[in-house]
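Novice: Sequence and predicted structure below; questions after.
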Amino acid sequence: MEKLFKSLRQTQVWKSVFRHGYPDTPRNRTLAVLSNTFLHLHPVKVRRSGIRLSYTWCMGGLTFFLFLNLTLTGLLLMFYYRPTAELAYQDIFALREHVSIGVMREMHRWGAHLMVITVWLHMYRVFLTGSYKPPREFNWNVGVILLVLTLLLSFTGYLLPWDQLAVWAITVGTNMARATPFLGHEGPGAALLSFGGVDFIHAGDDIRFGLLAGRFVGEGALLRFYVLHCVGFPLVAATLMAVHFWRVRKDGGISGPL
Amino acid sequence: MADDTPKTEPTEAQAPALKTAPLRGDISRRSFFSTLGLGWIAFGGAAAAGTGAMVRFMMPTVLYEPPQEFKAGFPNEFAVGAVDERFKASYGCWIVREPQGFYALSTTCTHLGCTPNWLSADEKFKCPCHGSGFLRTGINIEGPAPRPLERYKITLADDGQLLIDKNTKYQEEKGQWALDGAYLPYVA
(Lines give C-alpha, C1' and ligand atoms only; values in the text may rest on other atoms or scores of the structure.)
Protein backbone atom coordinates (compact mmCIF):
# COMPACT_ATOMS: atom_id res chain seq x y z
CA MET A 1 0.00 0.00 0.00
CA GLU A 2 2.76 2.40 0.98
CA LYS A 3 4.55 1.45 -2.22
CA LEU A 4 1.45 2.03 -4.31
CA PHE A 5 1.01 5.57 -2.95
CA LYS A 6 4.67 6.25 -3.44
CA SER A 7 4.57 5.23 -7.07
CA LEU A 8 1.31 7.15 -7.51
CA ARG A 9 3.02 10.30 -6.28
CA GLN A 10 5.75 9.78 -8.85
CA THR A 11 3.35 9.79 -11.80
CA GLN A 12 3.22 12.75 -14.15
CA VAL A 13 -0.49 13.24 -13.51
CA TRP A 14 0.01 13.56 -9.73
CA LYS A 15 2.98 15.85 -10.15
CA SER A 16 1.16 18.06 -12.61
CA VAL A 17 -1.67 18.63 -10.10
CA PHE A 18 0.33 18.93 -6.87
CA ARG A 19 3.43 21.08 -7.17
CA HIS A 20 4.69 20.32 -3.67
CA GLY A 21 5.30 17.46 -1.28
CA TYR A 22 3.16 16.39 1.67
CA PRO A 23 2.09 19.44 3.71
CA ASP A 24 4.05 18.25 6.74
CA THR A 25 6.58 21.08 6.84
CA PRO A 26 5.87 24.82 7.21
CA ARG A 27 7.18 25.36 3.65
CA ASN A 28 4.97 22.71 2.07
CA ARG A 29 1.96 23.86 4.08
CA THR A 30 2.46 27.37 2.75
CA LEU A 31 2.88 26.00 -0.77
CA ALA A 32 -0.31 23.97 -0.43
CA VAL A 33 -2.23 27.20 0.16
CA LEU A 34 -0.35 29.37 -2.31
CA SER A 35 -0.49 26.93 -5.23
CA ASN A 36 -4.24 26.31 -4.94
CA THR A 37 -6.60 28.62 -6.82
CA PHE A 38 -9.27 28.53 -4.13
CA LEU A 39 -7.09 28.37 -1.03
CA HIS A 40 -4.79 31.19 -2.13
CA LEU A 41 -7.57 33.69 -1.42
CA HIS A 42 -7.35 32.59 2.19
CA PRO A 43 -4.57 33.66 4.55
CA VAL A 44 -1.74 31.13 4.74
CA LYS A 45 -1.86 31.22 8.50
CA VAL A 46 -4.71 32.14 10.80
CA ARG A 47 -4.28 33.53 14.31
CA ARG A 48 -5.49 31.39 17.16
CA SER A 49 -7.97 34.19 17.99
CA GLY A 50 -9.13 34.16 14.38
CA ILE A 51 -10.83 30.80 14.81
CA ARG A 52 -12.22 31.54 18.29
CA LEU A 53 -16.00 31.44 17.95
CA SER A 54 -16.52 34.07 20.65
CA TYR A 55 -14.39 36.50 18.63
CA THR A 56 -15.59 36.00 15.03
CA TRP A 57 -19.02 34.37 15.64
CA CYS A 58 -18.10 32.65 12.33
CA MET A 59 -20.66 34.95 10.71
CA GLY A 60 -18.54 35.68 7.63
CA GLY A 61 -17.93 31.97 7.10
CA LEU A 62 -21.60 31.15 7.62
CA THR A 63 -22.57 33.84 5.12
CA PHE A 64 -20.25 32.30 2.54
CA PHE A 65 -21.60 28.84 3.31
CA LEU A 66 -25.16 30.11 2.86
CA PHE A 67 -24.17 31.79 -0.41
CA LEU A 68 -22.85 28.47 -1.74
CA ASN A 69 -25.98 26.75 -0.48
CA LEU A 70 -28.23 29.32 -2.16
CA THR A 71 -26.27 29.06 -5.41
CA LEU A 72 -26.75 25.31 -5.49
CA THR A 73 -30.44 25.27 -4.50
CA GLY A 74 -31.11 28.26 -6.78
CA LEU A 75 -29.53 26.46 -9.71
CA LEU A 76 -31.75 23.45 -9.01
CA LEU A 77 -34.87 25.63 -8.83
CA MET A 78 -34.00 27.12 -12.23
CA PHE A 79 -34.57 23.72 -13.82
CA TYR A 80 -38.29 23.99 -12.97
CA TYR A 81 -39.10 27.68 -12.69
CA ARG A 82 -40.31 29.66 -15.72
CA PRO A 83 -40.35 33.45 -15.25
CA THR A 84 -43.57 34.34 -17.05
CA ALA A 85 -46.75 35.84 -15.63
CA GLU A 86 -48.85 32.75 -16.43
CA LEU A 87 -46.41 30.11 -15.19
CA ALA A 88 -44.31 31.60 -12.38
CA TYR A 89 -46.79 31.12 -9.53
CA GLN A 90 -47.82 27.62 -10.55
CA ASP A 91 -44.17 26.58 -10.96
CA ILE A 92 -43.34 27.78 -7.45
CA PHE A 93 -46.41 25.89 -6.20
CA ALA A 94 -45.33 22.78 -8.13
CA LEU A 95 -41.84 23.00 -6.63
CA ARG A 96 -43.44 22.40 -3.26
CA GLU A 97 -46.28 20.07 -4.18
CA HIS A 98 -45.15 17.95 -7.14
CA VAL A 99 -41.38 18.05 -7.50
CA SER A 100 -39.44 15.35 -5.62
CA ILE A 101 -37.47 16.62 -2.61
CA GLY A 102 -39.87 19.54 -2.31
CA VAL A 103 -37.77 21.25 0.34
CA MET A 104 -35.37 22.80 -2.20
CA ARG A 105 -37.48 25.90 -2.52
CA GLU A 106 -37.88 26.17 1.26
CA MET A 107 -34.12 25.76 1.71
CA HIS A 108 -33.58 28.56 -0.78
CA ARG A 109 -36.11 30.80 0.91
CA TRP A 110 -35.02 30.20 4.49
CA GLY A 111 -31.37 30.23 3.50
CA ALA A 112 -31.91 33.66 1.95
CA HIS A 113 -33.54 34.98 5.13
CA LEU A 114 -30.68 33.52 7.17
CA MET A 115 -28.04 35.03 4.90
CA VAL A 116 -29.43 38.53 5.40
CA ILE A 117 -29.25 37.96 9.16
CA THR A 118 -25.72 36.54 9.12
CA VAL A 119 -24.46 39.38 6.89
CA TRP A 120 -25.78 41.92 9.37
CA LEU A 121 -24.28 40.05 12.33
CA HIS A 122 -20.96 39.75 10.48
CA MET A 123 -20.98 43.49 9.91
CA TYR A 124 -21.88 44.06 13.57
CA ARG A 125 -18.99 41.86 14.70
CA VAL A 126 -16.54 43.63 12.38
CA PHE A 127 -17.73 46.94 13.78
CA LEU A 128 -17.49 45.85 17.41
CA THR A 129 -13.97 44.49 16.98
CA GLY A 130 -12.84 47.62 15.15
CA SER A 131 -11.85 45.55 12.14
CA TYR A 132 -12.91 48.33 9.77
CA LYS A 133 -9.95 50.47 10.85
CA PRO A 134 -6.77 50.89 8.76
CA PRO A 135 -5.44 48.92 6.98
CA ARG A 136 -8.85 47.29 6.49
CA GLU A 137 -10.94 50.32 5.47
CA PHE A 138 -10.97 49.30 1.79
CA ASN A 139 -12.27 45.85 2.67
CA TRP A 140 -14.99 47.42 4.86
CA ASN A 141 -16.22 49.27 1.79
CA VAL A 142 -16.15 46.10 -0.32
CA GLY A 143 -18.19 44.54 2.49
CA VAL A 144 -20.73 47.37 2.42
CA ILE A 145 -21.24 46.80 -1.33
CA LEU A 146 -21.64 43.06 -0.64
CA LEU A 147 -24.26 43.89 2.00
CA VAL A 148 -26.19 45.96 -0.56
CA LEU A 149 -25.87 43.13 -3.10
CA THR A 150 -27.22 40.66 -0.53
CA LEU A 151 -30.22 42.91 0.05
CA LEU A 152 -30.72 43.36 -3.71
CA LEU A 153 -30.61 39.58 -4.19
CA SER A 154 -33.18 39.25 -1.43
CA PHE A 155 -35.33 41.98 -3.00
CA THR A 156 -35.21 40.62 -6.57
CA GLY A 157 -35.88 37.07 -5.35
CA TYR A 158 -38.95 38.28 -3.46
CA LEU A 159 -40.78 39.04 -6.74
CA LEU A 160 -40.25 35.62 -8.32
CA PRO A 161 -43.08 33.67 -6.55
CA TRP A 162 -45.42 36.12 -8.34
CA ASP A 163 -48.09 36.12 -5.63
CA GLN A 164 -49.88 39.14 -4.17
CA LEU A 165 -47.21 39.62 -1.50
CA ALA A 166 -44.46 39.62 -4.12
CA VAL A 167 -46.12 41.99 -6.58
CA TRP A 168 -47.12 44.54 -3.95
CA ALA A 169 -43.82 44.40 -2.09
CA ILE A 170 -41.96 45.16 -5.32
CA THR A 171 -44.54 47.78 -6.29
CA VAL A 172 -43.98 49.56 -3.01
CA GLY A 173 -40.21 49.03 -3.09
CA THR A 174 -39.67 50.29 -6.63
CA ASN A 175 -41.83 53.36 -5.95
CA MET A 176 -38.75 54.70 -4.19
CA ALA A 177 -37.01 54.86 -7.57
CA ARG A 178 -39.52 57.52 -8.63
CA ALA A 179 -37.79 59.90 -6.24
CA THR A 180 -34.27 59.38 -7.64
CA PRO A 181 -32.70 62.82 -8.20
CA PHE A 182 -32.90 63.79 -11.88
CA LEU A 183 -33.43 60.17 -13.01
CA GLY A 184 -36.81 59.58 -11.38
CA HIS A 185 -39.85 61.48 -12.66
CA GLU A 186 -40.98 62.50 -9.17
CA GLY A 187 -37.50 63.16 -7.84
CA PRO A 188 -35.75 66.47 -7.17
CA GLY A 189 -34.36 67.99 -10.35
CA ALA A 190 -36.71 66.13 -12.70
CA ALA A 191 -38.84 69.27 -13.06
CA LEU A 192 -35.73 71.18 -14.20
CA LEU A 193 -35.41 68.82 -17.16
CA SER A 194 -38.55 70.16 -18.78
CA PHE A 195 -38.11 72.12 -21.98
CA GLY A 196 -40.90 74.08 -23.61
CA GLY A 197 -43.58 72.29 -21.59
CA VAL A 198 -42.26 68.87 -22.63
CA ASP A 199 -41.02 66.75 -19.75
CA PHE A 200 -37.69 65.17 -20.52
CA ILE A 201 -38.03 62.76 -17.58
CA HIS A 202 -41.49 61.22 -17.21
CA ALA A 203 -43.07 57.96 -16.06
CA GLY A 204 -42.33 56.38 -19.44
CA ASP A 205 -38.57 56.90 -19.57
CA ASP A 206 -37.21 57.33 -16.04
CA ILE A 207 -34.97 55.01 -14.00
CA ARG A 208 -37.93 53.10 -12.55
CA PHE A 209 -39.24 52.47 -16.05
CA GLY A 210 -35.86 50.99 -16.99
CA LEU A 211 -35.87 48.79 -13.90
CA LEU A 212 -39.42 47.49 -14.40
CA ALA A 213 -39.54 47.57 -18.22
CA GLY A 214 -42.87 49.31 -17.82
CA ARG A 215 -44.88 51.72 -15.73
CA PHE A 216 -45.88 49.12 -13.16
CA VAL A 217 -44.80 45.67 -11.99
CA GLY A 218 -45.68 43.35 -14.87
CA GLU A 219 -44.22 40.59 -16.98
CA GLY A 220 -41.24 42.71 -18.06
CA ALA A 221 -40.33 43.38 -14.44
CA LEU A 222 -40.57 39.67 -13.59
CA LEU A 223 -38.11 38.75 -16.34
CA ARG A 224 -35.71 41.57 -15.44
CA PHE A 225 -35.71 40.69 -11.77
CA TYR A 226 -35.22 37.01 -12.65
CA VAL A 227 -32.15 37.73 -14.79
CA LEU A 228 -30.70 40.08 -12.18
CA HIS A 229 -31.44 37.58 -9.40
CA CYS A 230 -30.00 34.52 -11.14
CA VAL A 231 -27.13 35.98 -13.16
CA GLY A 232 -26.39 39.67 -12.63
CA PHE A 233 -26.14 40.10 -8.88
CA PRO A 234 -24.63 36.64 -8.10
CA LEU A 235 -21.81 37.27 -10.62
CA VAL A 236 -20.97 40.65 -9.12
CA ALA A 237 -21.28 39.28 -5.59
CA ALA A 238 -19.01 36.28 -6.32
CA THR A 239 -16.38 38.56 -7.88
CA LEU A 240 -16.47 40.95 -4.93
CA MET A 241 -16.37 38.04 -2.47
CA ALA A 242 -13.12 36.88 -4.08
CA VAL A 243 -11.75 40.40 -3.61
CA HIS A 244 -13.12 40.49 -0.04
CA PHE A 245 -11.44 37.24 1.03
CA TRP A 246 -8.20 38.06 -0.75
CA ARG A 247 -8.06 41.45 0.96
CA VAL A 248 -8.52 39.80 4.36
CA ARG A 249 -5.33 37.95 3.60
CA LYS A 250 -3.50 41.01 2.20
CA ASP A 251 -4.53 43.20 5.12
CA GLY A 252 -2.88 40.88 7.61
CA GLY A 253 -5.46 38.15 8.13
CA ILE A 254 -8.41 38.22 10.50
CA SER A 255 -7.90 41.06 12.97
CA GLY A 256 -6.64 40.22 16.43
CA PRO A 257 -8.50 40.93 19.70
CA LEU A 258 -8.31 44.53 20.86
CA MET B 1 39.51 54.05 -20.25
CA ALA B 2 39.46 54.45 -16.46
CA ASP B 3 37.61 51.78 -14.50
CA ASP B 4 35.72 54.23 -12.27
CA THR B 5 33.46 55.36 -15.14
CA PRO B 6 30.14 53.46 -15.00
CA LYS B 7 29.56 51.48 -18.19
CA THR B 8 25.88 52.39 -18.52
CA GLU B 9 26.42 56.13 -18.52
CA PRO B 10 26.93 57.43 -22.06
CA THR B 11 30.05 59.45 -22.74
CA GLU B 12 29.69 63.08 -23.80
CA ALA B 13 30.26 62.16 -27.41
CA GLN B 14 27.43 59.58 -27.42
CA ALA B 15 24.76 61.58 -25.59
CA PRO B 16 23.68 64.01 -28.36
CA ALA B 17 23.44 61.15 -30.79
CA LEU B 18 20.96 59.35 -28.48
CA LYS B 19 18.74 62.41 -28.15
CA THR B 20 18.24 63.02 -31.86
CA ALA B 21 18.07 59.44 -33.00
CA PRO B 22 14.52 58.33 -33.91
CA LEU B 23 13.17 55.48 -31.79
CA ARG B 24 12.12 53.28 -34.66
CA GLY B 25 11.14 54.17 -38.18
CA ASP B 26 9.91 57.77 -38.38
CA ILE B 27 7.91 57.90 -35.14
CA SER B 28 8.89 60.93 -33.11
CA ARG B 29 8.05 61.43 -29.45
CA ARG B 30 5.42 64.02 -30.37
CA SER B 31 3.68 61.89 -33.00
CA PHE B 32 3.72 58.90 -30.65
CA PHE B 33 1.85 60.82 -27.97
CA SER B 34 -0.63 62.41 -30.38
CA THR B 35 -1.40 58.98 -31.86
CA LEU B 36 -1.80 57.63 -28.32
CA GLY B 37 -4.11 60.54 -27.47
CA LEU B 38 -6.23 59.93 -30.55
CA GLY B 39 -6.38 56.28 -29.64
CA TRP B 40 -7.64 57.09 -26.13
CA ILE B 41 -10.22 59.54 -27.49
CA ALA B 42 -11.45 56.89 -29.96
CA PHE B 43 -11.58 54.28 -27.20
CA GLY B 44 -13.39 56.63 -24.82
CA GLY B 45 -15.88 57.55 -27.54
CA ALA B 46 -16.53 53.91 -28.39
CA ALA B 47 -16.94 53.03 -24.70
CA ALA B 48 -19.38 55.91 -24.19
CA ALA B 49 -21.34 54.92 -27.29
CA GLY B 50 -21.45 51.30 -26.10
CA THR B 51 -22.68 52.34 -22.65
CA GLY B 52 -25.29 54.60 -24.20
CA ALA B 53 -26.43 51.78 -26.47
CA MET B 54 -26.80 49.47 -23.47
CA VAL B 55 -28.83 52.03 -21.51
CA ARG B 56 -31.06 52.62 -24.54
CA PHE B 57 -31.38 48.86 -25.05
CA MET B 58 -32.77 48.51 -21.52
CA MET B 59 -35.59 50.98 -22.25
CA PRO B 60 -38.37 49.06 -24.01
CA THR B 61 -40.17 50.80 -26.89
CA VAL B 62 -43.14 48.42 -27.08
CA LEU B 63 -45.06 47.82 -23.86
CA TYR B 64 -47.50 45.03 -23.17
CA GLU B 65 -49.44 47.27 -20.84
CA PRO B 66 -52.87 48.82 -21.20
CA PRO B 67 -52.56 52.05 -23.23
CA GLN B 68 -52.20 55.24 -21.21
CA GLU B 69 -55.10 56.83 -23.09
CA PHE B 70 -58.52 55.26 -23.28
CA LYS B 71 -62.11 56.08 -24.11
CA ALA B 72 -64.52 55.36 -21.29
CA GLY B 73 -67.81 55.59 -23.18
CA PHE B 74 -70.46 58.31 -23.55
CA PRO B 75 -71.32 60.63 -20.66
CA ASN B 76 -74.94 59.47 -20.48
CA GLU B 77 -73.76 55.94 -19.63
CA PHE B 78 -72.72 57.18 -16.19
CA ALA B 79 -75.20 57.47 -13.35
CA VAL B 80 -75.07 60.83 -11.58
CA GLY B 81 -73.52 60.54 -8.13
CA ALA B 82 -71.92 57.15 -8.77
CA VAL B 83 -68.30 56.05 -8.61
CA ASP B 84 -67.74 54.00 -11.76
CA GLU B 85 -65.49 51.00 -11.15
CA ARG B 86 -65.53 49.50 -14.66
CA PHE B 87 -62.04 50.75 -15.47
CA LYS B 88 -60.45 49.96 -12.11
CA ALA B 89 -58.94 46.60 -13.03
CA SER B 90 -58.10 47.39 -16.66
CA TYR B 91 -56.84 50.97 -16.43
CA GLY B 92 -56.45 51.73 -12.69
CA CYS B 93 -58.98 54.53 -12.83
CA TRP B 94 -62.25 55.50 -11.14
CA ILE B 95 -64.58 57.81 -13.02
CA VAL B 96 -66.80 59.87 -10.74
CA ARG B 97 -69.96 61.44 -12.11
CA GLU B 98 -71.19 64.53 -10.31
CA PRO B 99 -74.24 66.62 -11.23
CA GLN B 100 -71.90 69.26 -12.64
CA GLY B 101 -69.37 67.05 -14.40
CA PHE B 102 -66.73 64.29 -14.32
CA TYR B 103 -63.33 63.59 -12.84
CA ALA B 104 -61.01 60.57 -13.11
CA LEU B 105 -59.26 59.35 -9.96
CA SER B 106 -56.11 57.26 -9.89
CA THR B 107 -56.53 53.96 -8.00
CA THR B 108 -52.99 54.19 -6.59
CA CYS B 109 -52.93 54.86 -2.86
CA THR B 110 -50.68 57.83 -2.14
CA HIS B 111 -49.20 56.06 0.88
CA LEU B 112 -47.33 53.13 -0.65
CA GLY B 113 -49.04 52.42 -3.94
CA CYS B 114 -51.63 49.75 -3.11
CA THR B 115 -55.13 49.83 -4.61
CA PRO B 116 -57.94 51.03 -2.29
CA ASN B 117 -61.53 49.78 -2.52
CA TRP B 118 -64.61 51.95 -2.98
CA LEU B 119 -66.97 51.33 -0.06
CA SER B 120 -70.25 52.79 -1.28
CA ALA B 121 -72.00 52.29 2.09
CA ASP B 122 -69.30 54.29 3.89
CA GLU B 123 -68.94 56.75 1.01
CA LYS B 124 -65.15 56.45 0.95
CA PHE B 125 -62.17 54.76 -0.66
CA LYS B 126 -60.42 52.47 1.84
CA CYS B 127 -56.97 51.00 1.31
CA PRO B 128 -56.61 47.38 2.52
CA CYS B 129 -52.84 47.65 3.07
CA HIS B 130 -52.55 50.22 5.85
CA GLY B 131 -56.05 51.62 6.24
CA SER B 132 -55.79 54.92 4.40
CA GLY B 133 -59.19 56.44 3.64
CA PHE B 134 -60.22 58.97 0.99
CA LEU B 135 -63.44 60.86 0.33
CA ARG B 136 -65.17 60.45 -3.03
CA THR B 137 -63.33 63.60 -4.14
CA GLY B 138 -60.02 61.85 -3.46
CA ILE B 139 -59.18 63.92 -0.36
CA ASN B 140 -57.36 61.84 2.27
CA ILE B 141 -59.21 61.70 5.59
CA GLU B 142 -57.65 58.86 7.59
CA GLY B 143 -54.71 56.51 7.79
CA PRO B 144 -51.13 57.13 6.73
CA ALA B 145 -51.76 58.50 3.21
CA PRO B 146 -49.97 61.88 3.12
CA ARG B 147 -51.90 63.47 0.25
CA PRO B 148 -55.09 63.07 -1.82
CA LEU B 149 -55.49 60.61 -4.67
CA GLU B 150 -54.26 61.91 -8.01
CA ARG B 151 -56.60 62.78 -10.85
CA TYR B 152 -56.07 61.95 -14.50
CA LYS B 153 -56.76 64.26 -17.41
CA ILE B 154 -60.34 63.86 -18.58
CA THR B 155 -61.75 65.46 -21.73
CA LEU B 156 -64.37 64.79 -24.36
CA ALA B 157 -63.12 63.07 -27.52
CA ASP B 158 -64.27 64.17 -30.97
CA ASP B 159 -66.86 61.39 -31.07
CA GLY B 160 -68.38 62.58 -27.80
CA GLN B 161 -66.89 59.86 -25.56
CA LEU B 162 -64.99 60.51 -22.38
CA LEU B 163 -61.23 60.45 -23.03
CA ILE B 164 -58.88 59.75 -20.12
CA ASP B 165 -55.17 60.48 -20.49
CA LYS B 166 -53.11 58.93 -17.72
CA ASN B 167 -49.93 60.63 -18.92
CA THR B 168 -51.16 63.85 -17.34
CA LYS B 169 -51.83 63.82 -13.61
CA TYR B 170 -53.23 66.51 -11.35
CA GLN B 171 -52.26 66.72 -7.68
CA GLU B 172 -54.49 68.59 -5.24
CA GLU B 173 -51.64 69.64 -2.96
CA LYS B 174 -50.03 71.43 -5.89
CA GLY B 175 -53.27 73.26 -6.67
CA GLN B 176 -53.58 71.38 -9.96
CA TRP B 177 -57.20 70.29 -9.49
CA ALA B 178 -58.20 73.80 -10.54
CA LEU B 179 -56.59 73.24 -13.95
CA ASP B 180 -58.65 72.53 -17.06
CA GLY B 181 -58.15 68.78 -17.58
CA ALA B 182 -58.66 67.84 -13.93
CA TYR B 183 -62.43 68.32 -14.11
CA LEU B 184 -64.77 67.97 -17.05
CA PRO B 185 -67.82 70.21 -16.63
CA TYR B 186 -70.83 68.42 -18.10
CA VAL B 187 -74.52 68.91 -17.53
CA ALA B 188 -76.80 66.53 -19.39
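Specialist: Everything's here; your move. The shown structure was predicted, so the numbers you read here are calculated from the model rather than taken from an experiment.

Novice: Give me the contact status of stretch A:83-98 with chain B.
Specialist: No: legend: contact between stretch A:83-98 and chain B by Cβ under 8 Å from any Cβ of the partner chain is lacking; minimum distance shown is 9.5 Å. Using the backbone N, CA and C atoms, a C-beta is placed for each residue, glycine as well.

Novice: Need the residues that contact that stretch.
Specialist: Stretch A:83-98 has contacts (Cβ atoms under 8 Å, 6 or more residues apart in numbering or on different chains) with A:77, A:80-82, A:102, A:104-106, A:160-163, A:218-219, A:222-223, A:226.

Novice: mind listing the helices for chain B?
Specialist: Secondary structure of chain B by DSSP state H: the helices cover B:15-20, B:29-57, B:88-91.

Novice: repeat for chain A
Specialist: Here chain A has its helices, by DSSP H, at A:2-9, A:12-17, A:26-34, A:53-56, A:59-78, A:88-97, A:104-128, A:137-159, A:164-175, A:207-212, A:219-227, A:233-250.

Novice: Burial check on the closest residue to A:Trp14 other than its chain neighbours, number of neighbours?
Specialist: When the adjacent residues along the chain are set aside, A:Trp14 lies closest to A:Leu8, with 5.9 Å between them (Cβ to Cβ, 6 or more residues apart in numbering or on different chains). Residues lying near A:Leu8 (other Cβ atoms under 10 Å in any protein chain shown) number 10.

Novice: From what I see, A:Leu8 and A:Val17 are in contact.
Specialist: No: between A:Leu8 and A:Val17 no contact is recorded; they are 11.4 Å apart, counting by Cβ atoms under 8 Å.

Novice: for the helices of chain B, which one sits closest to B:Pro99?
Specialist: Distance to B:Pro99, taken as Cβ to Cβ, is lowest for helix B:88-91 among the helices of chain B, at 22.6 Å.

Novice: Grab the nearest non-local neighbour of the residue in the stretch 51-200 of chain A that chain B sits nearest to.
Specialist: As assessed by Cβ to the nearest Cβ, chain B sits closest to A:Val172 within the stretch 51-200 of chain A, at 4.4 Å. Nearest-residue entry for A:Val172: B:Leu112, 4.4 Å, with adjacent residues in sequence omitted and distances by Cβ to Cβ, 6+ apart.

Novice: what's the neighbour count on the one you found?
Specialist: Using other Cβ under 10 Å, B:Leu112 is surrounded by 19 other residues.

Novice: residues touching it, list them.
Specialist: By Cβ under 8 Å, 6+ apart, the residues touching B:Leu112 are A:172, A:175, B:129-130.

Novice: Same check on A:Val248?
Specialist: Residues counted as contacts of A:Val248 (Cβ under 8 Å, 6+ apart) are A:42-43, A:139, A:254.

Novice: State the pLDDT value of A:Pro257.
Specialist: Looking at A:Pro257, its pLDDT is 72.

Novice: how near is it to chain B?
Specialist: When distances are taken as Cβ to the nearest Cβ, to the nearest Å, A:Pro257 and chain B turn out to be 45 Å apart.

Novice: So that residue is in contact with A:Tyr55, correct?
Specialist: Yes: the pair A:Pro257 and A:Tyr55 passes the contact test of Cβ under 8 Å, sitting 6.1 Å apart.
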